[in-house]
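Peer 1: Any chance you could fold what I've pasted below:
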Amino acid sequence: MVIDSLAKAPGKKHRNRSGSVLKTVLRRCVIAIACGSFAGLAAGSLSAQDAVALPYGFQGSQGFQGSQGFQGNQAFQDNQSVSVRKPSIDELAPIQKVDIDTQRERLFNELAEEFEAFDRLGSLVRRVSLLVKPSVIHIEAHKTETKGGARQSYDEAGSGVVIEAMDGSLWVLTNRHVIVGASPREILLRSSDGREFYPSKVVSDASTDVAVMRIDNTGLPAARLGDSEAIEIGDFVIAIGSPFGLSHSVTFGILSAKGRRDLSLGEQKIDLQDFFQTDAAINPGNSGGPLLNLRGEVVGLNTAIASSSGGSEGIGFAIPIDMAMRVADQLTRQGRMRRGYLGVTLDPDFTPADLAAANRELVQAGILSGALVKNVRPGSPAEQAHLQRGDIIVQFDGKAVESDDHLVARVGLTPIGESTPMIIYRGGKRYRTEVSLADLN
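Peer 2: Down below sits the predicted model:
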C-alpha cells in the first residue's frame with residue numbers, strides 16, 4: 001500500500017521513475033527471497049535487512065533512505081540498473097550440511113532418551129527371567145496308547161512350575177494333558193541347572209486340566225504367586241516354557257483379555273473355564289509353564305493356543321493362578337478335587353440384551369449380566385435355597401455373574417458345605433438367599 005501511494009503521488013518526474021525503480025527492486029528482492037536468500041545487489045551491496053527497510057523512506061535524488069538508509073554510492077541513480085545474484089549450490093551446501101547434521105544429532109539424542117526407558121523394560125524382563133527360571137521345570141512324559149488295536153508309544157514335552165503346599169512340601173504345578181497317560185516313572189523332570197528327577201506322586205483333575213506332581217529333596221525354590229484378580233488387560237506378561245521341546249524359553253507380550261470361556265480345546269474337554277488371553281508366544285511344549293507379571297509373580301498357567309497352523313498366532317490361553325491354586329490345594333490335601341454342585345439347568349442363550357428387555361430396572365440398578373434358571377432339580381441345593389424356574393442369578397459369592405459359563409466355573413470352585421450368598425431377580429424384585437453346595441462327585 002505504501003509503494004502504490006508513492007507511485008501515484010504528484011510531483012517531479014524523477015519521483016515517478018524512482019518509484020518505478022523501487023517497485024522493480026522490490027519485485028526482484030521478493031523473487032530472490034523466494035529462491036532462498038540475497039547474495040547482493042550491483043552498485044551497492046544491498047543486504048536483506050536494507051531491502052526490507054526500503055518502503056519506509058525516500059528522499060529526492062539522494063535515493064532511498066529507510067531504517068538503514070542509502071547514501072553516496074549506495075543511492076540509486078536514474079536509469080541505473082539493479083541485478084540480484086542467486087547463491088550457487090556450492091555456497092549453500094555448507095549451510096545445508098550444518099542444518100542436516102544438527103537435526104540428525106537432535107534426533108539421535110531423542111532416540112537415546114526413549115531407548116533408555118525401553119532398555120529399562122528389557123532389563124526388567126531379563127531380571128524376571130533369571131529370577132524365575134530356577135522354579136520352572138521341563139517335563140518329558142513317555143506315553144502309550146492303543147489306536148485301532150495297536151499300541152503306540154511317544155514322548156510329549158511340557159512345562160511346570162514349582163509351588164509350595166500348605167504343609168511345606170514342594171510340588172510341580174502343570175496341565176493334566178501334559179502328563180495324563182504316563183506313570184510317575186515315565187515322567188522325567190529337568191530343572192534349569194540340568195538336574196533330572198522323577199515325581200514321587202501325581203494327582204490331576206480333568207474338569208480344570210490341572211495336575212500336581214510331588215518332588216522330594218530337590219532344594220528347588222518355589223515360585224512366588226501373584227493375584228490374578230489384580231492383573232488388568234494391557235499389562236505386560238512373560239511366558240516361560242519348553243516350546244517344541246526347547247526348555248526354559250522366554251517370550252513377552254501383554255494380557256489381551258480376561259474371562260474367556262466355552263472354548264473348544266480339541267479332544268480334551270475342560271468343564272470349568274475362565275481363561276486369560278495373551279499374545280505372548282505360546283507353542284506346543286509351553287503347556288503347564290508359568291505366565292508372569294513384571295514383578296516375577298505367577299499370574300497364570302499357560303494351557304492352550306488358538307491356531308490354524310499348530311504354532312503361535314498371537315492367541316494363547318492361561319488358567320488364572322487363583323483358580324489353578326484352588327484346585328492344586330485340594331489335590332495336594334485330599335488327592336482329588338471336590339467340585340461344587342448347585343442343581344440347576346441354565347439357559348445358554350440368555351444374553352445381557354435379554355436381561356435388559358426383561359426388566360429395565362435391572363439396567364438402571366447397574367445389573368448388566370446374569371444367568372437364567374431353566375430348571376431346578378428336586379432335592380438339590382438350589383431347591384433348598386428356594387430357587388425357581390425363571391429366576392435370574394446376578395450375583396454369586398459376592399461377585400457379579402457374567403454368564404452361565406461364568407456361574408458354572410464359580411460354583412465348581414466354591415468350597416463344599418459352606419454357606420454361600422446369592423442375589424437373584426424374580427418378577428422384577430430383588431431377593432437375597434444362601435446356598436450350601438454339595439459335592440458333584
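Peer 1: isn't residue 362 right up against residue 424?
Peer 2: No - with contacts defined as CB atoms under 8 Å, residue 362 does not count as touching residue 424, sitting 11.3 Å away. (Each C-beta comes from the backbone N, C-alpha and C, glycine too.)
Peer 1: shared neighbours, these two?
Peer 2: Shared contacts of residue 362 and residue 424, defined by CB atoms under 8 Å, 6 or more residues apart in numbering, comprise 392, 394.
Peer 1: When the two are compared, which one has more neighbours?
Peer 2: When residue 362 is set against residue 424 and neighbours are counted by other CB atoms under 10 Å, the residue ahead is residue 424, at 24 against 20.
Peer 1: for the helix or strand hosting the more buried one, packing partners?
Peer 2: Element membership of residue 424, judged by DSSP states H and E, is strand 419-426. Strand 419-426 is packed against strand 392-396, strand 429-436, with contacts defined by 3 or more CB pairs under 8 Å, 6 or more residues apart in numbering; DSSP states H and E.
Peer 1: how big is the angle separating the longest one from strand 419-426?
Peer 2: Read it as strand 429-436. Regarding strand 429-436 and strand 419-426, their directions subtend 150 degrees when assessed with axes from the mean of the first three to the mean of the last three CA atoms, to 10 degrees.
Peer 1: Going by neighbour count, which residues in strand 429-436 are buried?
Peer 2: Within strand 429-436, the residues scored as buried using 16 or more other CB atoms under 10 Å are 430, 433, 435.
Peer 1: Pick out the lowest-pLDDT one from these.
Peer 2: When the buried residues of strand 429-436 are sorted by pLDDT, the bottom entry is residue 430 at 87.
Peer 1: Can you tell me how far it is from residue 423?
Peer 2: Taken as CB to CB, to the nearest Å, the spacing of residue 430 relative to residue 423 amounts to 7 Å.
Peer 1: Then residue 249?
Peer 2: Relative to residue 423, residue 249 is positioned 45 Å away (criterion: CB to CB).
Peer 1: And those two? Which one has more around it.
Peer 2: Of the pair residue 249 and residue 423, residue 249 is the one with more neighbours under other CB under 10 Å, namely 21 against 18.
Peer 1: and the gap between that one and residue 99?
Peer 2: Per CB to CB, residue 249 is found 48 Å from residue 99.
Peer 1: repeat for residue 386
Peer 2: From residue 386 over to residue 99 the distance is 82 Å, taken as CB to CB.
Peer 1: can you check residue 395 too?
Peer 2: Taking CB to CB, one finds residue 395 at 66 Å from residue 99.
Peer 1: and the residue nearest to residue 269 when sequence neighbours are not counted, how many neighbours?
Peer 2: Counting by CB to CB, 6 or more residues apart in numbering, residue 206 is the residue found nearest to residue 269 once chain neighbours are left out, at 7.8 Å. Taking other CB under 10 Å as the neighbour definition, residue 206 ends up with a count of 15.
Peer 1: Pull up the gap between residue 206 and residue 167, please.
Peer 2: Residue 206 is 25 Å from residue 167, by CB to CB.
Peer 1: picking up where we left off before, residue 386 and residue 99 - which one has more neighbours?
Peer 2: In this comparison of residue 386 against residue 99, neighbours counted by other CB under 10 Å, the higher total goes to residue 386 at 13 against 10.
Peer 1: Just the terminal-to-terminal distance for stretch 268-277.
Peer 2: Taking CA to CA, to the nearest Å, stretch 268-277 runs 19 Å from one end to the other.
Peer 1: Quick one: name whatever helix or strand follows the longest helix anywhere in the chain.
Peer 2: Scanning the chain for the longest helix, with DSSP state H as the assignment, gives helix 89-132. Sequence order places strand 136-147 as the next helix or strand after helix 89-132, per DSSP H and E.
Peer 1: Poorly predicted segments of the stretch 1-150 of the chain, please.
Peer 2: For the stretch 1-150 of the chain, residues meeting the criterion pLDDT under 70 lie at 1-98.
Peer 1: Now do stretch 407-415: everything it contacts.
Peer 2: In this structure, residues lying in contact with stretch 407-415 by CB under 8 Å, 6+ apart are 207, 261, 271-274, 323, 326-327, 339-342, 346, 371, 393, 396-397, 399, 401, 420, 437, 440.
Peer 1: Can you show me the strands along the stretch 201-350 of the chain?
Peer 2: In the stretch 201-350 of the chain, strands defined by DSSP state E, counting those that start in this stretch lie at 201-205, 210-215, 236-241, 249-260, 275-278, 290-292, 298-305, 316-320, 340-341, 344-346, listed in chain order.
Peer 1: For residue 394, see how far away residue 355 is.
Peer 2: For residue 355, the distance to residue 394 (CB to CB) stands at 8 Å.
Peer 1: Revised request: answer the last question for residue 350.
Peer 2: Noted for residue 350: a distance of 12 Å to residue 394, by CB to CB.
Peer 1: Now do the shared contacts for the two.
Peer 2: With CB under 8 Å, 6+ apart applied, the overlap between the contact sets of residue 350 and residue 394 consists of residue 370.
Peer 1: Not including adjacent chain positions, what is the nearest residue to residue 223?
Peer 2: Nearest residue to residue 223 in three dimensions, chain neighbours excluded: residue 135, at 4.0 Å (CB to CB, 6+ apart).
Peer 1: State whether the one you found and residue 164 are indeed in contact, as I suppose.
Peer 2: No - shown here, residue 135 and residue 164 do not form a contact pair, counting by CB under 8 Å, at 10.2 Å.
Peer 1: So the protein: which segments form each domain?
Peer 2: Residue ranges of the domains in the chain are recorded as 2-74, 134-334, 340-439, according to automatic domain parsing.
Peer 1: next one: the second one to chain centre, how far?
Peer 2: Averaging C-alpha coordinates over domain 134-334 and over its chain gives two centres that are 22 Å apart (CA atoms, centre = their mean, to the nearest Å).
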